[in-house]
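Engineer: Fold the following for me, if possible:
(2 chains)
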Amino acid sequence: MTIRLLPHPILTPLLTLIWLLLVNSAAPGQILLGLLLGWLIPLFTLRFWPDRVPIHQPLTLLRFLFLLIYDILVANVIVAFRILLGPKHVQPAFVVVPLDLRSDLGISLLANTICLTPGTVSAWLSPDRRTLVVHGLDVRDPEALVTTIKRRYETPLLKVFEPC
Amino acid sequence: MLDILLSVLILTGAIFTFIGSLGLARLRDFYTRLHGPTKATTLGVGSLLIASMIHFSAQGEGVSLHEILVTLFLFITAPVSAHLLSKAALHRRVESQAQVPAQIEEAETQTHFAAPTVDRL
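Structural biologist: You can find the predicted model right below:
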């Protein structure tokens, strides 16, 4: 019963929050409207994501987000310097990252993370979803980059979305 | 005091956005150019948005939190477009400074479609 009435328990408060930010107010009427939207939208878009999203270690997810923000800040400055130094000082390369993540959500989050941290863009996912090809702006040591991505980003995502 | 903080934030944002677009002009191939603009959005636009948030919250009329949403949507959409651009480029075999892994070449050959011919007027 709860599954049919409330298919995505996490999505509802999230959508309510987005609605409140959108109208920029926290009046009781808006909260009510937000809750209504948060309840109805998952119901109408149920076919788009039929599976419930499991989040196993919320704290790990939170720590991952802070790590991500920190990495974005640091790496942004590095990329800015690389660009200023000029094209002779970059060493672009493709690196192949073997994936341990299996779920679609996990893989897309990892790909997004890689794109957000400056210096790397996730360029290509193999059709069997086992490897992700990443283009790095300045790669001196491809293997180190792969281990960094795997240890820093993939491990926490594995813990949160696929704990077995 | 607030003005100084705001100016610093706006200047940082402008500088990083500028460097991002500079990268677009200066770097040599499609894939490295992709890095410039996708990066500028994160720190450049990020600090501009924080400045906007502080400015409008200080004006009275309550706290302004629209900007969090802008950041959120930007962080969701920017990587997706970057990924799609590079995927399309790999499919079309856009020239690259870096060696394209053999794996991609192989997979893209199997699903190769003829490039559409451009009609000239």
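
Engineer: Burial check on residue A:154, number of neighbours?
Structural biologist: Residue A:154 has 22 neighbours, counted by other CB atoms under 10 Å in any protein chain shown. Every C-beta, even on glycine, is put in place using the N, C-alpha and C of the backbone.

Engineer: Please name the residues that touch it.
Structural biologist: With contact set as CB atoms under 8 Å, 6 or more residues apart in numbering or on different chains, residue A:154 has these partners: A:99-101, A:110.

Engineer: and those residues, which two are the farthest apart?
Structural biologist: A:100 and A:110 (9.8 Å; CB to CB).

Engineer: Compare those two (neighbour count), which wins?
Structural biologist: More neighbours surround residue A:110 than the other of residue A:100 and residue A:110, with 25 against 14 (other CB under 10 Å).

Engineer: Go through whatever helix or strand residue A:65 lives in and flag the buried ones.
Structural biologist: Here residue A:65 sits within helix A:58-85, counting by DSSP states H and E. Residues of helix A:58-85 classed as buried by neighbour count (16 or more other CB atoms under 10 Å in any protein chain shown): A:60-61, A:64, A:68, A:71-72, A:75-76, A:79-80, A:82-83.

Engineer: Closest to the centroid, which residue in the chain?
Structural biologist: Let's take chain A. Centroid-nearest residue in chain A: residue A:109, 3.0 Å away (criterion: CA atoms, centre = their mean).

Engineer: oops, chain B please
Structural biologist: residue B:38 (2.0 Å).

Engineer: Could you check the pLDDT of it?
Structural biologist: For residue B:38, the pLDDT comes out at 75.

Engineer: coming back round to it: ok, the buried residues of helix A:58-85 vs residue A:130, which is closest?
Structural biologist: For the buried residues of helix A:58-85, the nearest to residue A:130 is residue A:64 (22.6 Å; CB to CB).

Engineer: So residue B:70 versus chain A, what's the distance?
Structural biologist: For residue B:70, the distance to chain A equals 10 Å [CB to the nearest CB, to the nearest Å].

Engineer: Compute the distance between that residue and residue B:85, please.
Structural biologist: Distance, residue B:70 to residue B:85, using CB to CB, to the nearest Å: 22 Å.

Engineer: Those two: who's more crowded?
Structural biologist: Ranked by neighbour count (other CB under 10 Å), residue B:70 and residue B:85 place residue B:85 first, with 19 against 16.
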